[in-house]
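Q: Please find the sequence and the predicted model below.
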Amino acid sequence: MRETLFNVLTAGNPAALEGSIWADLYAGTGAVGIEALSRGAEKVTFVESARPAVNLIESNLRSLAITTGFEVIAGDVGKLLRKWQGESATFDYIFLDPPYRMENEYRDTLEFLGNSNLLKPATIVIVEHAKRFDPLEEAGSLKRYRRLEQGDAALSFYRRQVNGKGDANVQL
């Protein structure tokens, strides 16, 4: 699924992620954010509430000799998003993959993002979820524009709508 994600985002342009700013929410092992760094992302902020997973992210970064371009935060995603909102932080890509059993986390996080100032005009929000579960079609200014299924998992891609239309500058 990770390979599919990055194939979609780079769409034949390996340099498409150069200099991008990422938030990897519910980061787990950090695999998606680490892949983004390996493909040229300028910065990835990993957010994970489970301390053993935070330790694993840090260990994975060390084992790959990645020493710059990231921040690992142990904490609650909702609280951190509210903090970022107050700081006017913005991202090019936001990836979220809460545990599949936490379906409310998907909706709550998408709703918050869709009504926040954390999105640039061309920010892409990617949600990995169980194929059987369908996150929101729209959440605030976010509208799903693509869904891919692979095995039991799926990826839903969202971008901002401006005046009821998706950002015309984003082509995927």
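A: Nice, thanks for sending it over.

Q: And the pLDDT for Pro98?
A: Predicted confidence (pLDDT) for Pro98: 89.

Q: Is it in contact with Tyr106, as I believe?
A: Yes - between Pro98 and Tyr106 there is a contact at 6.1 Å, judged by CB atoms under 8 Å. For glycine as for every other residue, the C-beta is placed from the backbone atoms N, C-alpha and C.

Q: the more surrounded of those two?
A: Using other CB atoms under 10 Å as the criterion, Pro98 and Tyr106 rank with Tyr106 on top: 24 against 20.

Q: Leaving out the residues flanking it, which one is nearest to that one?
A: In this structure, Tyr106 finds its nearest non-sequential neighbour in Pro135, 4.6 Å apart by CB to CB, 6 or more residues apart in numbering.

Q: and if you look at Gly19?
A: Glu42 (4.8 Å).

Q: my read: the one you found touches Ile21, true?
A: Yes - taking contacts as CB under 8 Å, Glu42 lies within contact range of Ile21: 6.0 Å.

Q: For Ala154, see how far away the residue nearest to the spatial centre of the chain is.
A: Nearest residue to the geometric centre of the chain (CA atoms, centre = their mean): Phe95, 1.1 Å. Noted for Phe95: a distance of 14 Å to Ala154, by CB to CB, to the nearest Å.

Q: Overlap in contacts, the two.
A: Glu128 (CB atoms under 8 Å, 6 or more residues apart in numbering).

Q: Enumerate every residue touching the nearest residue to Asp92 once chain neighbours are set aside.
A: With sequence-adjacent residues excluded and distances taken as CB to CB, 6+ apart, Asp92 is closest to Ser20, at 4.2 Å. With contacts defined as CB under 8 Å, 6+ apart, Ser20 is in contact with Ala36, Gly40, Ala41, Glu42, Asp92, Tyr93.

Q: Most neighbours among those, which one?
A: Busiest of the contacts of Ser20 [other CB under 10 Å] is Ala36, holding 27 neighbours.
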